[in-house]
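> quick one, fold the following:
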Amino acid sequence: MPEVTMYCTSTCPYCIRAEKLLKSKGVEITKISVEDNKPKLKEMLKRSGRNTVPQIFIGDYHVGGFDDLSELDVMDELDELLK
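Numbering: from 1, shown residues only. This next block holds a predicted model:
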């Protein structure tokens with residue numbers, strides 16, 4: 001299973017939903033908090049080109065945010081990416 005990385009904050013409801021969805025798939029997530037952490041926020045911006053959380057990566061593949069993750073799941077493509 002590829003490494004799953006999620007840039008997040010502790011109070012973001014979409015981050016919480018993304019974590020719940022990924023954990024329901026049996027995925028361990030490397031969470032990187034961008035709260036009060038400018039270097040990690042800059043890293044997220046450089047890596048994703050986006051300034052909102054969550055930003056989710058499966059291996060080197062940039063999934064995007066929760067809506068993108070959820071759409072992959074609905075389209076039955078998420079499980080394939082997690083293999």
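> contact partners of stretch 41-58?
Outside stretch 41-58, the residues within contact range by CB atoms under 8 Å, 6 or more residues apart in numbering are 2-9, 12, 14-15, 18, 22, 32, 34, 62-66, 68-69, 81-82. Where you see a C-beta, it was placed from the backbone N, CA and C, and this is true even at glycine.
> in the protein, which residue is closest to the centre?
With distances taken as CA atoms, centre = their mean, residue 56 lies nearest the centre of the chain, 2.1 Å away.
> mind listing which of the contacts of stretch 41-58 are in helices?
Of the contacts of stretch 41-58, the ones assigned to helices by DSSP state H are 14-15, 18, 22, 66, 68-69, 81.
> show me where pLDDT drops low in the protein?
Low-confidence segments of the chain (pLDDT under 70): none present.
> all the strands of it, in order from the start?
4-8, 29-33, 55-58, 61-64 (DSSP state E).
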